[in-house]
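Peer 1: Model the following, please.
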Amino acid sequence: MISVPPLSADQRLQARAAATQARRHRAAAKARLRSGDLRLSELLELAQTDDVLAHLRVVEVLKALPRVGEKRAAETMDRHEIAASRRLRGLGRHQQAGLLAEFR
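Peer 2: Numbers count the residues shown, from 1 in each chain. The predicted structure is shown next:
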């Protein structure tokens, strides 16, 4: 078993601040999706270079789209054979193409 080295108080503070900033960045992207300021295609493109956005779960992104709730998101994930735990950067090109075609 790998043990994690203990962090100093300053390191813990920096890690906490970085995690908070990452959560805010992901929440802002989902809010922009919800409002229509950001399209799904743009988010997928950003996720290729932005490590924070790349870690968004696909189901969360789908539920942030207008007129998509829990049920429609789950049905879409099943239809495109996307696992519930899949993150944006982990999508295959056919899965991306299917999502983009459905939510154009």
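Peer 1: Okay, residue 12 and residue 26: tell me how far apart.
Peer 2: Distance of residue 12 to residue 26, given as CB to CB, to the nearest Å: 21 Å. Heads up, the C-betas are built off the backbone N, CA and C, glycines and all.
Peer 1: For the two, indicate the residue with more neighbours.
Peer 2: Using other CB atoms under 10 Å as the criterion, residue 12 and residue 26 rank with residue 26 on top: 19 against 11.
Peer 1: Which positions within whichever strand or helix holds the more buried one qualify as buried?
Peer 2: In the assignment (DSSP states H and E), residue 26 maps to helix 9-35. Residues of helix 9-35 classed as buried by neighbour count (16 or more other CB atoms under 10 Å): 26, 29-30, 33.
Peer 1: and that helix, average pLDDT?
Peer 2: Mean per-residue pLDDT for helix 9-35: 95.
Peer 1: And that helix, what does it pack against?
Peer 2: Judged by 3 or more CB pairs under 8 Å, 6 or more residues apart in numbering; DSSP states H and E, the packing partners of helix 9-35 are helix 40-47, helix 51-54, helix 58-64.
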